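Novice: Just a sequence and a predicted model for now, questions to come.
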Amino acid sequence: MSGTHVCVVGYGVAGRLHERLLSALGHRVSVVDPLADAPGTGAPRYGRVADVPRDVPVDVWSVCSPTATHLETVAEVLARDPAARLLVEKPVCRPGEGAGLSALLAEHERARLVVMNQYAHAQAGAVLRTLKKEFAPGYPVSGVRVGFGKDRREDIAAGRFVDHDYGVFGYEWLHMLALVSGVLPAGVYDRYLRTDPADHDVRVETDPELTSTAAYETTTVDDLTIELYSTIVGPGAHPLVPTPKWMGPAPGGAESRQRLVEITAGPVRFTVKLDPVTLLDGSPMARNTHWLAVVGPDHRTEWFFHDSPMDNALRWSMDALLTEPARPEVDLRPIHRISRLAEVARSREGLPSTAQPHATPSARL
């Protein structure tokens, strides 16, 4: 696929990352962004999708614009090229827009769309499943915990993306669901997604400006307890949703990110701390280095391992869009899940619904 032309739509944080990594993989990259004259990449820049020259075929469109514009952008690209290949950052659409997206794809049978979710391609799940077989054979998985935390207040104050549709569920929750799917036994993830969050323990810290800033969900399926926790304002800043002890201490210094996956099987606990990893003396490990621990009644083993979920996801996505014979399926269940979680949070606080009408948008030509 050397020389493949990828047009990145939206040159914010995600767009810059896509442009850099796709260029490093050998692809030719151009950029669409309303601020076409802003400093940044040396790649060709255009103000609108309509401005991209038609005599320079685009092999893949990488949609990194704000979530509120995703469906409109997909419609615009498909109006230009009914057989377009699209890589769309998560969340793929706003609440209530899943039906519109499905209708667009049904109308354009030759088109392909892949939702970008790097943690769906992380090796952490495979590593945990393998070690569970070795250190806890015969024991079923009884608990899964996934926690992602980051203090985004400085970014938000600078005008970076604020999700008023999903609140805290629009930032890391889809990443967390991807990791949950990678460690749950077969079939349990499907049954989990079919549960209604309203029937389980969901605690949310709401905020008048940011919609919600922290959430903790606990759901039991088949005697297996699933716990998900996330914050966008850093640990300890939300009294209604205390940071769970299993998240461990927050990193020191300027680093605020925490990304943790834990499973329990019998008497054994398996924990992965995903990049960034900080040593006891405060020094950071190299990027894409992850820490793993297996703790049993009479043993404790620790490792480091290297893995780049983002590289994995981009390589897989390009293959799925350009070389795989079968059209990839777009799984909208995670979007429905976070939509329902956001609605549950709003209903408990008496806030208005954000659901959008189920309609296909008109294309801008």
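Specialist: All right, it came through fine.

Novice: which regions of the stretch 51-200 of the chain lie under the pLDDT threshold?
Specialist: 159-160 (pLDDT under 70).

Novice: switch the cut-off to 90
Specialist: By pLDDT under 90, the low-scoring segments of the stretch 51-200 of the chain are 56, 151-164, 185-186.

Novice: Which parts of it are strands?
Specialist: The residue ranges that make up the strands of the stretch 51-200 of the chain, judged by DSSP state E, counting those that start in this stretch, are 60-63, 85-89, 112-116, 141-149.

Novice: What are the buried residues along the longest one?
Specialist: Buried residues in strand 141-149, defined by neighbour count with 16 or more other CB atoms under 10 Å: 141, 144-149. All C-beta spots, glycine's among them, are computed from the backbone N, C-alpha and C.

Novice: For His27, find the nearest of the strands of the stretch 51-200 of the chain.
Specialist: Distances from His27 to each of these were compared using CB to CB; the minimum, 8.0 Å, belongs to strand 60-63.

Novice: what about that closest one, distance to the chain center?
Specialist: When C-alpha coordinates are averaged (CA atoms, centre = their mean, to the nearest Å), strand 60-63 and its chain have centres 17 Å apart.

Novice: returning to that earlier point: Serialize the strands of the stretch 51-200 of the chain to CSV and add fields for distance to Asp155.
Specialist: Rendered in CSV, the data for those read as follows (distance: least, CB to CB, whole Å):
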stretch, distance to Asp155
strand 60-63, 21
strand 85-89, 16
strand 112-116, 19
strand 141-149, 14
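
Novice: for those strands, which one sits closest to Thr218?
Specialist: strand 141-149 (9.7 Å).

Novice: just checking, what's the longest strand in this structure?
Specialist: In the chain, ranked by residue count with DSSP state E as the criterion, the top strand is strand 211-221.

Novice: Skip ahead from it and say which helix or strand is next.
Specialist: For strand 211-221, the succeeding helix or strand toward the C-terminus, using DSSP states H and E, is strand 224-231.

Novice: now the helices: where do they sit in this protein?
Specialist: Per DSSP state H, the chain carries helices over the ranges 13-24, 70-80, 98-107, 124-135, 153-157, 173-183, 188-194, 309-322, 333-349.

Novice: What are the buried residues along the fourth one?
Specialist: The one in question is helix 124-135. In helix 124-135, counting by 16+ other CB under 10 Å, buried: 124-125, 127-129, 131-132, 135.

Novice: Can you spell out which helices and strands pack onto that helix?
Specialist: Using 3 or more CB pairs under 8 Å, 6 or more residues apart in numbering; DSSP states H and E, the elements in contact with helix 124-135 are helix 173-183, strand 258-265, strand 268-273, strand 289-295.

Novice: could I get the ones you listed as TSV with mean neighbour count?
Specialist: Conversion of the helices and strands packed on helix 124-135 to TSV gives the following (neighbours: other CB atoms under 10 Å):
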stretch	mean neighbour count
helix 173-183	23
strand 258-265	23
strand 268-273	22
strand 289-295	18
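
Novice: how about the ones you listed, which one is nearest Leu280?
Specialist: Shortest separation from Leu280 across the helices and strands packed on helix 124-135 is recorded for strand 289-295, at 11.3 Å, computed as CB to CB.
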